[in-house]
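Asker: Would you be able to build a 3D model of this:
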Amino acid sequence: MAPSVFINFRRADTGGAAPHIDTGIRGTFGEAEVFRDQRSIDKGAHYPDQIRRKLRKCELLLALIGRKWETAVDEDHRRCLDDETDWVRMEIALALQWGLTVLPVLVDRDEMPDRADLPEDIRALTTRQALYFRPHQEEIYLPPLIKAIRAAVPELRPRRRRNGAGGGGGGNVEDVGGIQSKNGVVILGGSGRGVVHNHPSADDPDDFDDDFGDFDDDQDKERS
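Answerer: Numbering: from 1, shown residues only. Down below sits the predicted model:
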């Protein structure tokens, strides 16, 4: 089964945000619906071919953009995005070329990169609507992301797991990717206040009351 969502990231830029987002999406839609290279590439596989093949079959690419995204340098102090073989750049360029939906996710930053600072093949990224994400506030920022994924890939359906009677009110608890609600009411985000309009007047969301459960914090080696 081909994944629907592809996570594009640079760990040196976004830290543990990619594993957190990966965990939330997998918990909501299922293991097979999301690709993150550190977890998803088969052991012993030729990873360049597998990345291209999985990306080609996806419907949505999440481009995680942190504070150092456009300025990150390699071991020779050359800007990573200036390298045509840089995987972050290549994945975004291919997604744009193939007409996939590309959703920028701003990790601990408030504005999109400037178009003039980007290589030609990924400049179109700056015209895509974006969302905010704060790694230590998943309960605020993950619901709008889940909602945006459902809008971009309408055939995706949250998997629901009935856990039986809960404490307190005694109602049934449904677990949808760590998002819990009692009495069969599923919480999946609300007003979409996490949406970033790509101009300087965009407001940073500061209030969201959705109820989240815990996320596992799987730690990965730095993405090369």
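
Asker: can we go C-alpha only for contacts and neighbour counts from here?
Answerer: OK.

Asker: then the longest helix seen in the chain to CSV, C-alphas only?
Answerer: Ordering each helix of the chain by length in residues (DSSP state H) puts helix 138-152 first. Extracted as CSV, the C-alpha positions of helix 138-152 are listed here (Å, rounded to 0.1, in the frame of the first residue of the first chain):
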residue,chain,number,x,y,z
GLU,A,138,1.2,19.4,20.0
GLU,A,139,-2.1,19.7,21.8
ILE,A,140,-2.5,23.2,20.1
TYR,A,141,-0.8,22.8,16.8
LEU,A,142,-1.4,19.2,15.7
PRO,A,143,-5.3,19.3,15.4
PRO,A,144,-5.2,22.0,12.6
LEU,A,145,-2.5,19.9,10.8
ILE,A,146,-4.6,16.8,11.0
LYS,A,147,-7.6,18.8,9.7
ALA,A,148,-5.5,20.2,6.8
ILE,A,149,-4.3,16.6,5.9
ARG,A,150,-7.9,15.4,5.8
ALA,A,151,-8.9,18.4,3.5
ALA,A,152,-5.9,17.7,1.2
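
Asker: Give me the mean pLDDT for it.
Answerer: The average pLDDT for helix 138-152 rounds to 93.

Asker: Please enumerate the strands of the protein.
Answerer: 5-8, 34-35, 60-65, 101-107, 130-133, 161-165, 172-176, 179-182, 195-196 (DSSP state E).

Asker: Poorly predicted segments of the protein, please.
Answerer: Within the chain, the stretches with pLDDT under 70 are 1, 37-47, 160-224.

Asker: As PDB, could you dump the C-alpha coordinates of stretch 90-99?
Answerer: Extracted in PDB, the C-alpha atoms of stretch 90-99 (Å, rounded to 0.1, in the frame of the first residue of the first chain):
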ATOM      1  CA  MET A  90      15.000  17.300  -4.300                       C
ATOM      2  CA  GLU A  91      11.900  16.000  -2.600                       C
ATOM      3  CA  ILE A  92      10.200  19.400  -2.700                       C
ATOM      4  CA  ALA A  93      11.200  20.000  -6.300                       C
ATOM      5  CA  LEU A  94       9.900  16.600  -7.400                       C
ATOM      6  CA  ALA A  95       6.600  17.100  -5.500                       C
ATOM      7  CA  LEU A  96       6.100  20.400  -7.200                       C
ATOM      8  CA  GLN A  97       7.100  19.000 -10.600                       C
ATOM      9  CA  TRP A  98       4.700  16.100 -10.200                       C
ATOM     10  CA  GLY A  99       1.800  18.300  -9.100                       C
END
